[in-house]
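Undergrad: Structure, please.
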Amino acid sequence: MDGKSNPTDNDYQKGQMIGRYNIVEKLQQEQLVDTFLGRGPDGTTLVMLKVLRPPLSGELEKSFLMQAPALMQLKHPNILRLRDAAVDNHTPFLVSDYISHLTLRQVFPQGSVQPLSAFLPYLRQAASALQYAHDRHVLHGDIRPDNMLLHNNNQILLANFTIEAIIQNRERLNYKHVESIAYSAPEKIQGKAGPASDQYSLAIVVYELLSGGVPFTKSYLEIASQQLHTPPPSMREKVPDISSRVEKIVMTALAKDPAKRFANVQAFVNALEQAQGLQLRDTTSPKTPPPPAVPQPKRQPVANAPVALPKDVPAQPLPYRQSTVYSPAPPAQLPPSVPPPPAFENSPLAARRDQNTFTRRAFAIGLVGLAVAGGVGSWYALSQRLAKPVPPTVTPNEVPPATQTTINNKNALIFTGHLASVNAVTWSPDGRLIASASDDTFVQVFDALSGKRKLIYTGHSKEVTAVAWSPNGKFIASGSEDGTVQVWDATNGNNLLTYKGHTDRVNGVSWSRDSRQIVSGSEDKTVQVWNAANGALIFTFKGHTSGVLCVGWQPNETSVASGSWDGTLRDWATQQHGNHFNAGDQIFNYGGHGKNEVTSLAWSPNGKFIASAGADQTVQISNGVDGTLRPPIFTGHLSKQHLNPVRSVSWSPDGNLLVSGDSFGTVYVWTFAGRKIIFTYQGQKGVVNAVEWSPDGRKVASAGSDTTVQIWQPS
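TA: Residues are numbered from 1 along each chain as shown. Below is the predicted model of the structure:
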């Protein structure tokens, strides 16, 4: 069975209970899995619920309830925790927290060729997690790039451990897991999976990353036959740069006979690390002796290998049908070297301000769900959101592509690569690329014409709130909930500088015109100007009474402006202003938005005016010299039905037009002269957190809580 859905006995809806959990919203329905946002028994903790189809029979229901706890006992920093598993009216479901992540498939897109050094750190973590599980007599059963999640600080989390009762239940429907067969070991296909099967699957991942593709690609049955009988093609014939030493290691792990592979998965990755170290020595020292031959794997215990299996466990790999847990081992204690898992608590972002105030955080839950992959009972990473999404066209096992679609009779390129709310966008100075910052903790750079992803920056440990491209096109600066501003190479993502001058979340960043200085604004109530090359602090402005939400450098570099929760727009001198202001002085304080926060600001290209957007539902234009209001006030976003804060504003390069986005998905393009609306765009589904004109003034990039970046023409 390979259909996209299956009839169900229980059709859960918003507001219903499943077990102890209340369903908040249905996020996705796919094949044999329904994904829900739910609340825990305490009524406040948000969780991800995975409802597995079809319902279980009596014996399989008992098996599910006996098998799932073994997975819940896995406590390792590189294993995604399963928090709960239960059955409601014969329907099994699984419960997990939210995490921000990308899959390894998204980081290394299908077809790309990577050097071993690029992904070896991830292999170390995966091997550590698998070895930990194998030592406790638990198999993963579905190792592939989609089930290896990249979390904060480049942490790998293994997801989607299989549950045998669910697999047996699906086999009643003759369901074939097409996505997994390319990574399946021969003995697994024969129903005799064991620890060496996970090693084989991990070796396929290595083979794919090194050579650009898996060994076997055809129909399901053809791949299964090749896994059983056909030796993998040589990687070096595809990529000659791969060393013979590395290829021999990978081919050993891909031996058809499990007994001829490495003694354990850790030994396999250790051999790769040794080969990488020898290769580095070969390239740095011409006198390096020839590398030793790769040692033949042995089945006897070795140093740091897993403990021997209990006597009641057969020496040969156990049949896969017996259970993913291949020995009834007692609950294992966490080794002293492994920190305890985080407490079961609410991980989505909370509003930083009181409940009646609209904030980016309040609309940006930053959720990334975990779903059952392909309907075979294992966790699978979702890219979901609370706001109703614009559906992307996603090909299985590929990075979610940016898709060309039509909205309001206007062609819009929609980039769907983020996993949570997108908070900021910036164009490269040549207009060819866009960088976008998201609550998923990543900054992504993609082609503005095709939507093809160029790179992912993973340096931040928390939500990324701001991003700006340097005027010389060489660097990108990104600010984050982690309190840092990080400067990195726009071409390869290498971190060049981490600025730690702030003591709270950084909400805004802006470059000086000469690309030498950066101004950043933070929840710590300060605006700081510092050297982009070495991080040396130049000025600190402390006039705001609440956190700073936005900053902008005046085009002629004589001042910087800032907007705040305190409802003020302030301008600060960065150099001497005649006889009136010294460098570091406040030039003016504009309070036209009342007590409503100033969410966004933009200088006119000639530096004479500042546009400020506020929670009072208006955009106001002030004189750039003294801050006096330049009427009329733009009230196009004003709504009588609901509070509609304006979240973002940007000035066209010629200074004649402005674009602004609000909290209900509407973007207006309007004239500076007369404040007349000339175009309305409603492609975003949710809060429009950011808008920015392209350098040539022909297009606008908008981004928001629906996790998309959209590029469109205002005409």
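Undergrad: Burial check on Gly277, number of neighbours?
TA: Counted with other CB atoms under 10 Å, residues neighbouring Gly277 total 11. C-beta coordinates here come from the backbone N, C-alpha and C atoms, glycine included.
Undergrad: can you check Lys525 too?
TA: Lys525 - counted by other CB under 10 Å - has 20 other residues nearby.
Undergrad: so who does it touch?
TA: 542, 544-548, 564 (CB atoms under 8 Å, 6 or more residues apart in numbering).
Undergrad: Buried ones from the residues you listed, can you make that a ChimeraX selection?
TA: To isolate the buried members of these in ChimeraX, using 16 or more other CB atoms under 10 Å:
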select :544,547,548,564
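Undergrad: could the contacts of Lys525 be laid out in JSON lines, adding secondary structure and pLDDT?
TA: Shown next, in JSON lines, are the contacts of Lys525 (DSSP: H, G, I helix; E, B strand; the rest coil; pLDDT from 0 to 100):
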{"residue": "Lys542", "secondary structure": "coil", "pLDDT": "92"}
{"residue": "His544", "secondary structure": "coil", "pLDDT": "95"}
{"residue": "Thr545", "secondary structure": "coil", "pLDDT": "94"}
{"residue": "Ser546", "secondary structure": "coil", "pLDDT": "94"}
{"residue": "Gly547", "secondary structure": "coil", "pLDDT": "95"}
{"residue": "Val548", "secondary structure": "strand", "pLDDT": "97"}
{"residue": "Ser564", "secondary structure": "strand", "pLDDT": "96"}
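Undergrad: Go through the contacts of Lys525 and say which is closest to Gln486.
TA: Of all the contacts of Lys525, Val548 has the smallest distance to Gln486: 18.2 Å, by CB to CB.
Undergrad: Tell me how far that closest one lies from Ser520.
TA: 9 Å (CB to CB, to the nearest Å).
Undergrad: Name the residues contacting each of the two.
TA: By the contact definition CB under 8 Å, 6+ apart, Val548 and Ser520 are jointly contacted by 508, 527.
Undergrad: how about stretch 593-608: buried residues?
TA: For stretch 593-608, by 16+ other CB under 10 Å, it's 593, 596-605, 607.
Undergrad: Please apply the same query to stretch 657-676.
TA: 657-670, 672, 675.
Undergrad: Of these, which belong to strands?
TA: 657-662, 667-670 (DSSP state E).
Undergrad: Just give me the closest of the buried residues of stretch 657-676 to Thr416.
TA: Gly665 (16.2 Å).
Undergrad: That closest one against Thr680, yeah?
TA: No: look at Gly665 against Thr680 with CB atoms under 8 Å: they stay out of range, at 10.9 Å.
Undergrad: what's the closest of the buried residues of stretch 593-608 to Ile166?
TA: Thr599 (46.2 Å).
Undergrad: On the C-terminal side of the helix or strand harbouring that closest one, identify the next helix or strand.
TA: Following DSSP states H and E, one finds Thr599 within strand 598-603. For strand 598-603, the following helix or strand on the C-terminal side (DSSP H and E) is strand 609-614.
Undergrad: which element follows that next one toward the C-terminus?
TA: strand 619-623.
Undergrad: And the next helix or strand after that next one, what does it pack against?
TA: Later in the chain than strand 619-623, the nearest helix or strand by DSSP H and E is strand 646-651. If you count contacts as 3 or more CB pairs under 8 Å, 6 or more residues apart in numbering; DSSP states H and E, strand 646-651 packs onto strand 598-603, strand 609-614, strand 657-662, strand 688-693, strand 700-704.
Undergrad: Please identify which of those strands is closest to Ala193.
TA: Comparison of the helices and strands packed on strand 646-651 against Ala193 by CB to CB identifies strand 700-704 as nearest, at 43.8 Å.
Undergrad: Only alpha carbons, please: show that closest one as PDB.
TA: Output in PDB follows, covering the C-alpha atoms of strand 700-704 (Å, rounded to 0.1, in the frame of the first residue of the first chain):
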ATOM      1  CA  VAL A 700      10.100  43.100  -2.400                       C
ATOM      2  CA  ALA A 701      11.000  40.300  -0.100                       C
ATOM      3  CA  SER A 702       8.600  39.700   2.800                       C
ATOM      4  CA  ALA A 703       8.800  37.100   5.600                       C
ATOM      5  CA  GLY A 704       6.700  36.100   8.500                       C
END
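Undergrad: So what touches it?
TA: 387, 421-425, 427, 434, 436, 448, 647-648, 650, 659, 661, 665, 667, 669, 681, 683-694, 709-714.
Undergrad: Among the buried residues of stretch 593-608, which one sits closest to Leu82?
TA: Of all the buried residues of stretch 593-608, Leu82 sits closest to Thr599, with 39.1 Å by CB to CB.
Undergrad: hang on, isn't that closest one packed against Ser660?
TA: No: using CB under 8 Å, Thr599 is not in contact with Ser660, being 10.2 Å away.
Undergrad: so what's in contact with these two at the same time?
TA: Contact criterion CB under 8 Å, 6+ apart; residues shared by Thr599 and Ser660: 613, 646, 648.
Undergrad: Tell me if I'm right that the last one and Val688 touch.
TA: In other words, Ser648. Yes: counting by CB under 8 Å, Ser648 does reach Val688; the two are 5.8 Å apart.
Undergrad: thinking again about what came up before, identify, from the ones in strands among the buried residues of stretch 657-676, the entry nearest to Asp585.
TA: Nearest member of these to Asp585, counting by CB to CB, is Leu658, at 28.6 Å.
Undergrad: which residues touch that closest one?
TA: Leu658 touches 602, 611, 619, 634, 649-652, 669-672, counting by CB under 8 Å, 6+ apart.
Undergrad: Tell me how many other residues crowd Lys685.
TA: Residues within reach of Lys685, counting by other CB under 10 Å, total 18.
Undergrad: same question, Pro240
TA: For Pro240, using other CB under 10 Å, the count is 7.
Undergrad: Would you map out the domains in the chain?
TA: Structural domains annotated on the chain: 102-161+174-284, 403-712, as defined by automatic domain parsing.
Undergrad: Put together CSV for these, with distance to Gly15 on each row.
TA: Shown next, in CSV, are the domains of the chain (distance: least, CB to CB, whole Å):
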stretch, distance to Gly15
domain 102-161+174-284, 28
domain 403-712, 21
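Undergrad: Please enumerate the helices of the protein.
TA: With DSSP state H as the criterion, the chain has helices at 58-72, 104-107, 116-135, 164-171, 178-181, 186-189, 195-211, 220-229, 235-238, 244-253, 265-284, 360-363.
Undergrad: export the ones you listed to TSV and tack on distance to Ser512?
TA: Listed next are the helices of the chain as TSV, based on distance: least, CB to CB, whole Å:
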stretch	distance to Ser512
helix 58-72	53
helix 104-107	33
helix 116-135	34
helix 164-171	57
helix 178-181	49
helix 186-189	58
helix 195-211	40
helix 220-229	56
helix 235-238	47
helix 244-253	46
helix 265-284	40
helix 360-363	25
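Undergrad: deepest of the ones you listed, which one?
TA: Comparing these by mean neighbour count (mean count of other CB atoms under 10 Å), helix 195-211 ranks first with a mean of 25.
Undergrad: where in the stretch 51-200 of the chain is pLDDT low?
TA: Where the stretch 51-200 of the chain drops to pLDDT under 70, the residues are 98, 100, 173-177.
Undergrad: in stretch 462-477, what counts as buried?
TA: For stretch 462-477, a neighbour-count test (16+ other CB under 10 Å) marks 462-470, 475-477 as buried.
Undergrad: re earlier: farthest-separated two in the ones in strands among the buried residues of stretch 657-676?
TA: Across those, the longest distance by CB to CB is 17.1 Å; it joins Leu657 and Asp662.
Undergrad: ok so, going back, would you format the shared contacts of Thr599 and Ser660 as CSV with distance to Leu32, pLDDT and neighbour count included?
TA: Converted to CSV, the shared contacts of Thr599 and Ser660 look like this (distance: CB to CB, whole Å; pLDDT from 0 to 100; neighbours: other CB atoms under 10 Å):
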residue, distance to Leu32, pLDDT, neighbour count
Ala613, 45, 97, 31
Val646, 44, 96, 31
Ser648, 40, 97, 29
